[in-house]
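**Student:** mind looking at a prediction? Sequence and model below.
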Amino acid sequence: MKVFLALIVLAFFNSCGSWEAPELISYEGLSKFSVKDKVLNVNLNGIIENPNSKTIYIHNADSEIMVNGKKLGSVIVKERFKLQKKTSTNLSLPLIISLEKGAMFKLGMLALRDSANFVFKGTVIVGGRVLKKSVPFEVERKLPTKSLILP
C-alpha cells in the first residue's frame, strides 16, 4: 500500500512539474466553413511543436477571440488530441466559434485587409490520461485574412 501511495504522489508531482508551452510553428489557414445561428464551425490548420519530453494530451480548450482589440466571439475545442513529445504535429482542429453581435460584418471587413492582430485568451485542460490541470493561455498573432474569403 505504501508503494502505491508513493507512486500516486510521484505521479501527482510529475504532472505538476514545469513544462514548456507548445508553439504554433505555421498557420496554414482555415477550412470547412459552416455558419448556423451565430455559430461558426471551422477547421484550423497548422503545425504545432511540442518541445517537452512528455506527450501532452489536450482535453478541452475554451477561449475568447479578440481581433484588432475588439471581441469577435468565443472559441471551444471539444476534440481531444495529443502532441507527441519532441515533435511537430500537423493538426486540423475543429473549432466551434460563438459569434458576438455584428461579428459577421467585422469578418467581412477583415477580409478586405491583408492581415489582422488576433488574440486568443482562455484556458486549456491538459494532462496525461488520468491527471489533468487547467492552464491559462494568451496567444497574440498577426495572421493573414485572405483565408476568411470563402471559395
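**Tutor:** Alright, I've got the coordinates.

**Student:** any idea how far residue 61 is from residue 83?
**Tutor:** 13 Å (Cβ to Cβ, to the nearest Å). Where C-beta positions appear, they are placed from N, C-alpha and C, glycine not excepted.

**Student:** quickly find the element holding the residue nearest in space to the middle of the chain.
**Tutor:** Nearest to the geometric centre of the chain sits residue 61, at 6.2 Å (Cα atoms, centre = their mean). Assessed by DSSP states H and E, residue 61 sits inside strand 56-67.

**Student:** partner strands of that strand, parallel or antiparallel?
**Tutor:** strand 70-77 (antiparallel), strand 81-83 (antiparallel), strand 115-127 (antiparallel) (DSSP bridges).

**Student:** mind putting the ones you listed into TSV with mean pLDDT and distance to residue 46?
**Tutor:** Compiled in TSV, the strands paired with strand 56-67 are given as follows (pLDDT from 0 to 100; distance: least, Cβ to Cβ, whole Å):
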stretch	mean pLDDT	distance to residue 46
strand 70-77	88	13
strand 81-83	84	12
strand 115-127	85	12
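
**Student:** just put the ones you listed in CSV and tack on distance to residue 26 and mean neighbour count.
**Tutor:** As requested, the strands paired with strand 56-67 are exported to CSV (distance: least, Cβ to Cβ, whole Å; neighbours: other Cβ atoms under 10 Å):
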stretch, distance to residue 26, mean neighbour count
strand 70-77, 18, 18
strand 81-83, 15, 17
strand 115-127, 15, 16
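
**Student:** hmm, back to that, correct me, but the residue nearest to the centre of the chain touches residue 77?
**Tutor:** Yes. Using Cβ atoms under 8 Å as the test, residue 61 is close enough to residue 77 to be in contact (4.0 Å).

**Student:** OK, contacts around the closest residue to residue 106 other than its chain neighbours?
**Tutor:** Nearest residue to residue 106, sequence neighbours excluded (Cβ to Cβ, 6 or more residues apart in numbering): residue 72, at 6.3 Å. By Cβ atoms under 8 Å, 6 or more residues apart in numbering, residue 72 lies in contact with 65-66, 97, 99-100, 103, 106-107.

**Student:** next one: residue 115
**Tutor:** By Cβ under 8 Å, 6+ apart, the neighbours of residue 115 are 142-145.
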